[in-house]
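Enquirer: only geometry, no sequence info:
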Ligand SMILES: [Zn+2]
Ligand SMILES: [Zn+2]
């Protein structure tokens, strides 16, 4: 699509002609019966529909949202553009898909589930909030990207919560008054958690016998070895009730899978394995392996739907404290989705950190205890989901 006009000042004819062409094209391709189109101006940010003349007015008086690089809400596809492709925020794709899902469902309106609609509205609001520029006119950072950048820095430099809050306060005073940077670590974490990027803490027996979840969630001592669930004070040997001795961090998989299926492009990528089996006998992907075939034979109903997810699981110990405590090892458990193409399934973005098994020593065979939250029948089909028509593979 023609984008040259955006480089001109808004009072110039070149800009106005470009904006007029943009609006006319959007109206012809996507206008509804009332001649309304999605407005990409800096204030509406593709979250509101307006009459095309109003959209034109917004483009001239307010200007186009500078973070809207690829006009996916106005018919541009990723393939039309060049390297900028990589910069499409996933939230926009999600946003677009949610809008279009809604349009497709219009004909059977009475069947539309209220809760789904409410959830969609919530997601749209969240996306809108997260993608607000850091301050009016800021093109480099949004509220979310600034928060994530700062949280990464906190982790990299081992900043304490108090120090971080202090830095946040000072940073806010450097920014214009209308800035959207969260005020505290607490509100920043709340923002990130709203996208289900948070984790659950599950208490574990200090000797790796069990997790205090489900039937055991109210116990104070391990049913196997009797060890207290709570930390012992090293000097007085007293139990510090409320402070867990060991905590497993679990990053839920389902919200991430839901997000993947909500985005048309990733939902398609999840079926890559079904059409790309090697034809020349050479192995390029696990789909070409004997093990894959064996699984297909043993669980044909599972194999019959290419959308069913095939996970690979990998784990290794690492020391988060560097030289400060050389004997400590904590075990991240990473899932890879083998449904994806070889270049995607090993990409950084597709690897899913799902468990952080605490140290200080490696879990060894007790790792099974920690993998329990990943077991299929517990998690993959929560009660709100339609029950799977397939039998659960006996892992
Ligand atoms: Zn607008
Ligand atoms: Zn125990």
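Expert: Here it is on my side, so go on. Just so you know, these numbers come straight off a predicted model, no measurement behind them. Numbering: from 1, shown residues only. Ligands and ions are numbered 1, 2, ... in the order given.
Enquirer: residue in the stretch 101-250 of the chain nearest to ligand 1?
Expert: residue 128 (12.9 Å; Cβ to the ion). The way it works is simple: take the backbone N, C-alpha and C, and place the C-beta from them, glycine included.
Enquirer: how many residues are close by that residue?
Expert: Neighbours of residue 128 under the rule other Cβ atoms under 10 Å: 16.
Enquirer: state the helix or strand in which the residue lying closest to it once chain neighbours are set aside lies.
Expert: Using Cβ to Cβ, 6 or more residues apart in numbering and skipping residues adjacent in sequence, the residue nearest residue 128 is residue 47, 5.2 Å away. Assigned by DSSP states H and E, residue 47 falls within no helix or strand.
Enquirer: isn't the residue of the stretch 101-250 of the chain closest to ligand 1 right next to residue 48, touching?
Expert: No - Residue 128 lies out of contact with residue 48 (Cβ atoms under 8 Å); the separation is 10.0 Å.
Enquirer: just name the shakiest helix or strand of the protein by mean pLDDT.
Expert: Using mean pLDDT, DSSP states H and E, helix 90-104 stands out as the lowest-scoring helix or strand of the chain, at a mean of 49.
Enquirer: could you list the contact residues of the chain toward ligand 2?
Expert: Residues of the chain lying close to ligand 2 by Cβ under 5 Å from the ion are 205, 207, 209, 222, 224-225, 227.
Enquirer: among the residues you listed, which one has the most neighbours?
Expert: Ranking the residues of the chain next to ligand 2 using other Cβ under 10 Å puts residue 205 first, with 24 neighbours.
Enquirer: quick revisit: what is the nearest of the residues of the chain next to ligand 2 to residue 62?
Expert: residue 205 (58.7 Å; Cβ to Cβ).
Enquirer: please name the nearest non-neighbouring residue to the closest one.
Expert: Closest to residue 205 by Cβ to Cβ, 6+ apart is residue 222, at 3.9 Å.
Enquirer: picking that back up, does the residue nearest to residue 128 touch residue 129 like I think?
Expert: No - shown here, residue 47 and residue 129 do not form a contact pair, counting by Cβ under 8 Å, at 10.5 Å.
Enquirer: more crowded one of these two?
Expert: For residue 47 versus residue 129, neighbours defined as other Cβ under 10 Å are more numerous around residue 47 (17 against 14).
Enquirer: read off the pLDDT value for that one.
Expert: With respect to pLDDT, residue 47 scores 80.
Enquirer: one more: residue 175?
Expert: pLDDT for residue 175: 91.
Enquirer: distance from the centroid: which residue in the protein tops it?
Expert: Most distant residue from the mean C-alpha position of the chain: residue 236, 43.9 Å away (Cα atoms, centre = their mean).
Enquirer: what sits against it?
Expert: By Cβ atoms under 8 Å, 6 or more residues apart in numbering, no residues touch residue 236.
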